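Trainee: Would you be able to build a 3D model of this:
(2 chains)
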Amino acid sequence: MRKLVIAASALLLLLIAAALAWMVVRPGVLPSTSKVVNATTQLINRGEYLARAGDCIACHTAPGGTPFAGGRAMPTPFGNIYAPNITPDDETGIGQWTADEFYRMMHTGISRDGALLYPAMPFASYTKVTREDCDAIYAYLMSVPPVKQKNRPHELRFPYNRRELLVGWRALYFKPGEYEPDPKQSAQWNRGAYLVEGLGHCSMCHTAVTRLGGTAEERAFEGGMIPNQNWYAPSLTSNQEAGLGNWSIKDIADLLQVGVSHRGTVYGPMAEVVYNSLQYLTDEDAAAMATYLKSLPAGDAGPQVPSSARLVQPAVMELGRKVYDRQCGMCHGAEGRGFPPAYPPLANNQSITMATPVNPIRMVLNGGYPPGTRKNPRPHGMPPFLHILNDDEVAAVVTYIRVAWGNAGTPVTPAQVNELRKLLPE
Amino acid sequence: MRPILPRLLAAAAVLISITASIATFDARAQTAAIPAFKAVDSMEARVQGCVTCHGQSGQGTRDEYFPRIAGKPAGYLYNQLVAFRDGRRRYAPMNYLVAYLPDGYLREMAEHFAKLRPPFTVHETIPADAATLSRGETLATVGDRNRAIPACVTCHGAGLTGMEPGIPGLVGLQPNYIAAQLTRWRVGERTAADPDCMKRIATRLTDAEIHALAAWLARQKPPRDPSPESSNLVRMPFACGSQR
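Mentor: Model prediction:
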């Protein structure tokens, strides 16, 4: 009997301790300070600028839909996620949210009703945004026209449709906390780091995604395939990919803000980011991001490719050269120097030679226009060659540009081309 | 010891296929549109993104689906570019290419191709008997009053060269392209600005009539002046959003 009492008391104590711990650490406790945001024009303008830096519009707008009204399907390996309506409609949008609730969502990934957000919302990056900047974005979103449009429920497979399980994801991949300036670095560097790591949420694509849809911090900016888009987001740390160690600040800033530069041109999903977001940056902010990106430590370049892997059959080389001279040389030049910034160079262009050949193959198949931006509203474009070149020819010409003019890439196979040929361009 | 014969055979097959590719590439490349321009800073250079499908001057290519765009009214071309960009007209390769281009630039592209008058390319015809062709001709030139189907020529011009600012020319288009567009309109996959006059017409056409129209239209010779008609010549039988 006494044993039973002791056991019962111990259990009770344990329960009380657990409850207390829950009170302390449970997600969803609002910050105690209740701040009222005074929505002045200046604040709203700043909020608009920051919302653009955060590219909210890209995901929260359906194709052809009203800005911020949500409904865009985001295909993920776990099923479709539909971005919600973030216009200030009281019923279907965020009209009833307070600035505190908005900050908690940005900072901790917890919605107004206490639900844990899926990490498709880049709160792991947005957590670095300051309270002041969050308040400005909040003021801006409250100022856009409200749209009554119900949120579409996500179509996630079990077990990913259980939000409770996000507790585990958060423990593994989420560290809340505003950006802490590094006193050893310049103000410009710190501004760049704040934008890249925070609102810019660059790591969402440029860090490899794990099987659980997390981005591993120790592999930050080392590049990865973008899930469900079949584009490769290059490493920002390897000089063999999009590592920017040997780029000039001007070229990096141009690539981000203008969409074209003397070293390369944005395409694919990055074209969308420049179009919706980065073209609106001030010159100072573009230069700050460039300064930070250039300073990223050069990571390991991956396993060394054995020279045998770089051997190209002479017949492939000949076919590649023939295709190049006829179809590509006019714009990219006989020596692959291009006419930058109109037509990018292919010689010494990391985008062409990186280990994963997905991007150059897709460019040859589907062509593409860089985004029309404020500083480059009339970009030059590249036509699709999908219907003109067969798999052997595409493989040969991509192989050719990866090894010609001192480029140190590896050959690609017709089978790799054939796989990508089946995809719809996007 | 791994068997070496299959690997040798495979390597030989690859080599043969590549050698064959070199030969056929030479042959095919004669007809394909190859990028070309005189000055980098020109519209001609900027629209190289269009040429492998629509031809160097927008005259179309041999492909049975890609339309001639040269000489179509600028308003029509602009409406299509904007609709492709915004996803209201769906064709993935076009949606992708123009996704991030601003209005002003799309307008400039439309005006560029609207001004061009390249020669018409010879294209395929689809087989059709005399009765079918006669049915197509009647629909195109007279219409069907009992079913309130106006004649194509009323709006697309006596010479089928279109009408400013928003009605495309039909002459010089491939028959499969014409049939595909009418079918897409009928099922609601292609739309135009409201009121959508083409929708009213396409939903009244049968499969057989679409085939007859495509067969007859694709056989028509272009007039000496392929420019679109001016917009003030006729009263439109149906209200068309694209003409406003």
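Trainee: Show me where the stretch 51-200 of chain A has its helices.
Mentor: Along the stretch 51-200 of chain A, the segments classed as helices by DSSP state H, counting those that start in this stretch run A:56-59, A:99-108, A:123-126, A:131-143, A:166-173, A:187-197.
Trainee: just the strands in chain B please.
Mentor: Along chain B, no stretch is classed among the strands by DSSP state E.
Trainee: Same check on chain A?
Mentor: Under DSSP E, chain A gives strands at A:73-76, A:79-82, A:155-156, A:224-225, A:232-233.
Trainee: Parallel or antiparallel, list what pairs with the third one.
Mentor: Read that as strand A:155-156. In the sheet, strand A:155-156 lines up against strand A:79-82 (antiparallel) (DSSP bridges).
Trainee: and the strand it pairs with, how far from the chain's centre?
Mentor: Averaging C-alpha positions (C-alpha atoms, centre = their mean, to the nearest Å) puts strand A:79-82 17 Å from its chain's average.
Trainee: buried set for that strand?
Mentor: For strand A:79-82, burial by neighbour count (16 or more other C-beta atoms under 10 Å in any protein chain shown) applies to A:81-82. Placement of C-beta: from N, CA and C, glycine included.
Trainee: Now tell me what touches that strand from outside.
Mentor: For strand A:79-82, the external contacting residues (C-beta atoms under 8 Å, 6 or more residues apart in numbering or on different chains) are A:70-74, A:118, A:120, A:151-157, A:160-161.
Trainee: Tell me which two in those residues are the farthest apart.
Mentor: Largest separation among the contacts of strand A:79-82 by C-beta to C-beta: A:Gly70 and A:Arg157, giving 21.5 Å.
Trainee: And the nearest residue to B:Leu106 once chain neighbours are set aside, how far from chain A?
Mentor: Closest residue to B:Leu106 apart from its sequence neighbours, by C-beta to C-beta, 6 or more residues apart in numbering or on different chains: B:Leu81 at 4.1 Å. Using C-beta to the nearest C-beta, to the nearest Å, B:Leu81 is found at 11 Å from chain A.
Trainee: Quick one: residues contacting B:Leu81.
Mentor: B:98, B:101, B:106, B:109-110.
Trainee: B:Lys221: which of the strands of chain A is closest?
Mentor: Of all the strands of chain A, strand A:73-76 sits nearest to B:Lys221, with 47.2 Å by C-beta to C-beta.
Trainee: circling back: neighbour-wise, which of A:Gly70 and A:Arg157 wins?
Mentor: Between A:Gly70 and A:Arg157, counting by other C-beta atoms under 10 Å in any protein chain shown, A:Gly70 is the more crowded of the two (23 against 9).
Trainee: So the more buried one is in contact with A:Ala83, correct?
Mentor: Yes. Counting by C-beta atoms under 8 Å, A:Gly70 touches A:Ala83, with 5.1 Å between them.
Trainee: Can you report phi and psi for the one residue in chain A that gets nearest to chain B?
Mentor: As assessed by C-beta to the nearest C-beta, chain B sits closest to A:Gly381 within chain A, at 2.7 Å. With angles defined as degrees, to the nearest 10, A:Gly381 sits at phi -130, psi 170.
Trainee: Can you tell me how far it is from A:Lys375?
Mentor: Between A:Gly381 and A:Lys375 the computed distance is 17 Å (C-beta to C-beta, to the nearest Å).
Trainee: Who has more neighbours out of the two?
Mentor: Shown here are A:Gly381 and A:Lys375; by other C-beta under 10 Å, A:Gly381 has more neighbours (21 against 12).
Trainee: Tell me, how many residues neighbour the residue nearest to the more buried one when sequence neighbours are not counted?
Mentor: Spatial nearest neighbour of A:Gly381, chain neighbours left out: B:Gly49 (2.7 Å); criterion: C-beta to C-beta, 6+ apart. Counted with other C-beta under 10 Å, residues neighbouring B:Gly49 total 22.
Trainee: Alright, I will stop here.
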